[in-house]
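A.B. asks: test case, fold it:
(one chain, ligands or ions: 2)
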Amino acid sequence: MSSPVPLHSLNPPQREAIYYLDGPLLVLAGAGSGKTRVITQKIAYLIQECGMNPANIAAITFTNKAAREMQERVGQLLQGGSTAGLTICTFHSLGVRILREEAKALGYKPKFSIFDSTDCYSIFADLSASVDKATIRSIQWLVSGWKNAMKSPDQAAAEAKSEIEVLAAKAYRDYAATLKAYQAVDFDDLILLPMQLFQEHPKIRDKWQNRLRYLLVDEYQDTNACQYQLLKLLTGPRAMFTAVGDDDQAIYGWRGADVENLRGLPRDYPNLKLIMLEQNYRSTARILQAANNVIGNNEKLFEKKLWSDLGHGEAIRGTVCRDNEHEAESVVMKLLADKFEKRSKFSDYAILYRSNHQARLFETHLRNNRVPYVMSGGTSFFEKSEIKDVIAYLRLLANQDDDPAFIRAVTTPKRGVGGTTLEALGTYAGERHISLFAAAFEEGFAQRVSHRQLEPLLQFCEFINRVEQRALREPAGEVLNDMLTAIGYEAWLYDHEETRAADSKWGNVREFSQWLAGKGEKDEKTLIDLTQTIALINMLDKQNEDSEFDAVQLSTLHAAKGLEYKNVFLVGVEEGILPHSSSVESGTVEEERRLMYVGITRARQHLHLSWCEKRKQGKEMYPCEPSRFIAEMGNDLRISGGKAAAEPDKATSKARFANLRNMLGSGES
Ligand SMILES: Nc1ncnc2c1ncn2[C@@H]1O[C@H](COP(=O)(O)OP(=O)(O)OP(=O)(O)O)[C@@H](O)[C@H]1O
Ligand SMILES: [Mg+2]
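C.D. replies: Numbers count the residues shown, from 1 in each chain. Ligands and ions are numbered 1, 2, ... in the order given. Model (predicted):
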């Protein structure tokens, strides 16, 4: 064994995982046991001690944020040593890289567009004109599921049984053709296409296998079937990889992730080495015990132990709130009092919730109390209409075949190109199987419209061509600002919106362009290069990237995966929310329990839960019950507040809440 990397303390199984290079390795361990640390240190070990070229190593993380953090950590470990060429990114970013380089083999341009789910929804809506919105969403969902399960339109059609499946299978084929015509891919394609590429082009596969000679995968439990195939094809017969994961934290089943991939590994790789880690370095014993108690109610895939020697720690607190307004107020007050008392930083606190819509009240109270916060996993900055307007221009600069971007850009702001002209253009382009942009320049189209109609259209296209030429060479920020001035976007906003709304929208556009300018400078990227990067930010960690100032973190439980905070407020711990009502109906409460486990194990020192007696939804107030998971945490919970403390709800099932009542009796009310 070679000498340890000069790294911080590591326990023996962690070390073993880092030094093991004889074949495929799976590290299976509970939350906070240092799985991610193993990956980071193994990268440093491979570069520093084994002399591997960083360009031959790829680490795959679950979010862009995690990738950035890992990149920084590796940089620190190598103390200035070079990491040039090292790949640390998400599966989707890796997919973009592969596709960009190999686009030709798939019949794509390297500057293909990446459509988000709203763009894709519009395609499905066009394809299924007489169908209601809910059905269109179901179709979109089914098609995405087929893609993740690697089913072709033909297979989907052959297997479709219900009416909606038949409808979706039909839409799937046209949808795929439409995307191709736009030179666009959706998020699922970012995995599916590279996978197919490697299956169909052994030479290209060999090239990538030789390039990425060692692979490390974090959060392995949440890979889907297609990602698993891609991984298999990338690592090839040498199977040099380290995957780390925790079956108890599998929380993306609803999106097609499959814990079976954990079970599949030993089957597909008979020489797979398995290492378990048992010491948790994150949380106090109390927090860990509560987490273990909860997850103990799930059926086990693998038997795991997890302990902590960080001391017993502070009591876990629970607050029963009158309603959701009171909950937000009480959490923010408690947070401020605690911060004041302990002189901690805002960034020591996280408020975690099951669903995005829960965030709004907390935002309001944080804002009213001038508490800085950042939000992740929420409605994205990048999904705001004004940002999507600007992004449409960027997409069009990068890929002139992107018809949806063309239509949005040419009509926002309006520039004299009317609906009739666009319709004629669409018809002509459809007949000729070319993009709208290309059609505009064709003689055949010119003959179908008047000069008055053609002129503004050509001016627009030539404008895009001119900006594109600049965008290929000049700094991103300058080109973007000049373009915004040229299209008169600010004035258009103020013409179309009330002043306050326009102020806010223009503020967002400026923030976006400054961020892009900074990113262009830092990464030495042109506006065109940045366009695909922006599409990816849309995915999971939708928050503004450069928000590393001292702020409270607001996050969904899903987006908090892998992260840790000194103090965690887990809010809305109610039946119907966590577990979510849909999962209770569909019998997938185990996944919700894992989500609860993820939530509890984000806390290092202090965990605070809250739930409401009533909750306002729309104009109505509804009664609420505490989540079953609270009772499952065990007796070590100090609960305060609420009428429920004195007289538990009669409707509450006796067995389920017997435990809870005990606690309420002993709690301080
Ligand atoms: N051997 C060790 N000694 C001291 N601290 C450690 C050790 N291993 C890990 N840690 C610390 O414990 C915390 C949890 O580690 P890490 O995030 O790698 O765990 P994880 O298993 O990836 O957790 P999760 O399942 O939540 O992703 C981190 O703060 C990490 O720096
Ligand atoms: Mg981790």
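A.B. asks: in whichever helix in the chain runs longest, what's buried?
C.D. replies: Identified as the longest helix of the chain according to DSSP state H is helix 499-523. By neighbour count with 16 or more other Cβ atoms under 10 Å, helix 499-523 contains the buried residues Ala502, Lys505, Trp506, Asn508, Val509, Phe512, Ser513, Trp515, Leu516, Ala517, Lys519, Gly520. Backbone N, C-alpha and C define where each C-beta goes, glycine included.
A.B. asks: just stretch 332-345 next, same as before
C.D. replies: Applying 16+ other Cβ under 10 Å to stretch 332-345 flags Val332, Lys334, Leu335, Leu336, Asp338, Lys339, Ser344 as buried.
A.B. asks: just the closest residue of the stretch 501-650 of the chain to ligand 2, please.
C.D. replies: As assessed by Cβ to the ion, ligand 2 sits closest to Gly562 within the stretch 501-650 of the chain, at 4.2 Å.
A.B. asks: what's that residue in contact with, if anything?
C.D. replies: Gly562 sits next to Thr36, Thr61, Phe62, Thr63, Ala66, Asp218, Glu219 when contact means Cβ atoms under 8 Å, 6 or more residues apart in numbering.
A.B. asks: so who does whichever residue of the stretch 201-350 of the chain sits closest to ligand 1 touch?
C.D. replies: Nearest residue of the stretch 201-350 of the chain to ligand 1 (Cβ to the nearest ligand atom) works out as Tyr281 at 3.3 Å. By Cβ under 8 Å, 6+ apart, the contact list for Tyr281 reads Gly32, Ser33, Gly34, Ser308, Leu310.
A.B. asks: pull out the buried residues from the contacts of Gly562.
C.D. replies: Applying 16+ other Cβ under 10 Å to those flags Thr36, Thr61, Phe62, Thr63, Ala66, Asp218, Glu219 as buried.
A.B. asks: which one of these is nearest to ligand 2?
C.D. replies: Thr36 (3.3 Å).
A.B. asks: give the contact list for the residue lying closest to Arg282 once chain neighbours are set aside.
C.D. replies: Counting by Cβ to Cβ, 6 or more residues apart in numbering, Arg282 lies nearest to Gly32, which is 3.1 Å off, once chain neighbours are set aside. With contacts defined as Cβ under 8 Å, 6+ apart, Gly32 is in contact with Asn280, Tyr281, Arg282, Ser283, Leu288, Ser308, Glu564, Thr601.
A.B. asks: want to try CSV for those, with distance to Leu231, secondary structure and pLDDT as columns?
C.D. replies: CSV is the format used below for the contacts of Gly32 (distance: Cβ to Cβ, whole Å; DSSP: H, G, I helix; E, B strand; the rest coil; pLDDT from 0 to 100):
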residue, distance to Leu231, secondary structure, pLDDT
Asn280, 27, coil, 96
Tyr281, 28, coil, 95
Arg282, 27, coil, 97
Ser283, 30, coil, 97
Leu288, 31, helix, 96
Ser308, 32, coil, 93
Glu564, 26, coil, 95
Thr601, 26, coil, 97
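A.B. asks: which of the residues you listed tops the neighbour count?
C.D. replies: Thr601 (30 neighbours; other Cβ atoms under 10 Å).
A.B. asks: that one and ligand 1, how far apart?
C.D. replies: Remark: distance between Thr601 and ligand 1 (Cβ to the nearest ligand atom, to the nearest Å) = 6 Å.
A.B. asks: name the nearest residue to that residue, sequence neighbours excluded.
C.D. replies: Closest to Thr601 by Cβ to Cβ, 6+ apart is Ala31, at 3.5 Å.
A.B. asks: that neighbour contacts Asp247, correct?
C.D. replies: No. The criterion here is Cβ atoms under 8 Å, and Ala31 misses it with Asp247 at 11.4 Å.
A.B. asks: between the two, which one's more packed in?
C.D. replies: Set Ala31 next to Asp247 and count neighbours by other Cβ under 10 Å: Ala31 wins out with 24 against 19.
A.B. asks: show me what contacts the more buried one?
C.D. replies: Ala31 neighbours (Cβ under 8 Å, 6+ apart): Asp246, Asp248, Gln249, Asn280, Arg282, Ser283, Ala291, Leu306, Tyr597, Val598, Thr601.
A.B. asks: could those residues be laid out in CSV, adding distance to Leu396?
C.D. replies: CSV is the format used below for those (distance: Cβ to Cβ, whole Å):
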residue, distance to Leu396
Asp246, 43
Asp248, 45
Gln249, 40
Asn280, 50
Arg282, 46
Ser283, 49
Ala291, 48
Leu306, 51
Tyr597, 45
Val598, 40
Thr601, 44
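A.B. asks: what is the burial count for Gly107?
C.D. replies: Gly107: 8 neighbours (other Cβ under 10 Å).
A.B. asks: what helix or strand is the spatially closest residue to it that is not a sequence neighbour on?
C.D. replies: Of all residues not flanking Gly107 in the chain, Lys180 sits nearest, at 7.2 Å (Cβ to Cβ, 6+ apart). Here Lys180 sits within helix 163-181, counting by DSSP states H and E.
A.B. asks: contacts for that helix, please.
C.D. replies: 107-108, 115, 120, 123-124, 126-128, 131, 135, 138-139, 142-143, 146, 153, 156-157, 159-160, 185-186, 189, 401, 403, 433, 435.
A.B. asks: ok, 7 Å please
C.D. replies: 123-124, 127-128, 135, 138-139, 142-143, 146, 153, 156-157, 160, 185-186 (Cβ atoms under 7 Å, 6 or more residues apart in numbering).
A.B. asks: biggest strand in the chain by residues?
C.D. replies: When the chain is parsed with DSSP state E, its longest strand is strand 603-612.
A.B. asks: parallel or antiparallel, which strands does that strand pair with?
C.D. replies: strand 316-321 (parallel), strand 565-570 (parallel) (DSSP bridges).
A.B. asks: out of these, deepest packed?
C.D. replies: strand 565-570 (a mean of 24; mean count of other Cβ atoms under 10 Å).
A.B. asks: dump the residue contacts of the nearest residue to Ser627 once chain neighbours are set aside.
C.D. replies: Take Ser627 and drop its neighbours on the chain: the residue closest to it by Cβ to Cβ, 6+ apart is Val573, 4.5 Å away. Contacts for Val573 (Cβ under 7 Å, 6+ apart) come out as Leu609, Ser610, Trp611, Pro626, Ser627, Phe629, Ile630.
A.B. asks: 6 Å - rerun?
C.D. replies: Leu609, Trp611, Ser627, Ile630 (Cβ atoms under 6 Å, 6 or more residues apart in numbering).
A.B. asks: coming back round to it: max pairwise distance over the contacts of Gly562: which two?
C.D. replies: Thr36 and Thr63 (11.9 Å; Cβ to Cβ).
A.B. asks: switch the contacts of Gly562 over to TSV; also include secondary structure and distance to Leu78.
C.D. replies: Formatted as TSV, the contacts of Gly562 follow (DSSP: H, G, I helix; E, B strand; the rest coil; distance: Cβ to Cβ, whole Å):
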residue	secondary structure	distance to Leu78
Thr36	helix	17
Thr61	strand	18
Phe62	coil	23
Thr63	coil	23
Ala66	helix	19
Asp218	coil	19
Glu219	coil	23
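A.B. asks: let me know the closest of the residues you listed to Pro372.
C.D. replies: Thr63 (21.4 Å).
A.B. asks: now do the closest one against Asp222, distance only.
C.D. replies: The gap separating Thr63 from Asp222 is 11 Å, by Cβ to Cβ, to the nearest Å.
A.B. asks: ok, Val573 next?
C.D. replies: 23 Å.
A.B. asks: so where's the stretch 401-550 of the chain shaky on pLDDT?
C.D. replies: Residue ranges of the stretch 401-550 of the chain with pLDDT under 70: 537-548.
A.B. asks: just the helices in it please.
C.D. replies: Secondary structure of the stretch 401-550 of the chain by DSSP state H, counting those that start in this stretch: the helices cover 403-411, 419-432, 436-440, 443-446, 451-471, 476-487, 489-496, 499-523, 527-537.
A.B. asks: out of those, which comes closest to Ser583?
C.D. replies: helix 527-537 (28.2 Å).
A.B. asks: thinking in terms of the whole chain, how far from its middle is the helix or strand following that closest one?
C.D. replies: Sequence order places strand 552-556 as the next helix or strand after helix 527-537, per DSSP H and E. The chain centroid and the centroid of strand 552-556 are separated by 14 Å, computed with Cα atoms, centre = their mean, to the nearest Å.
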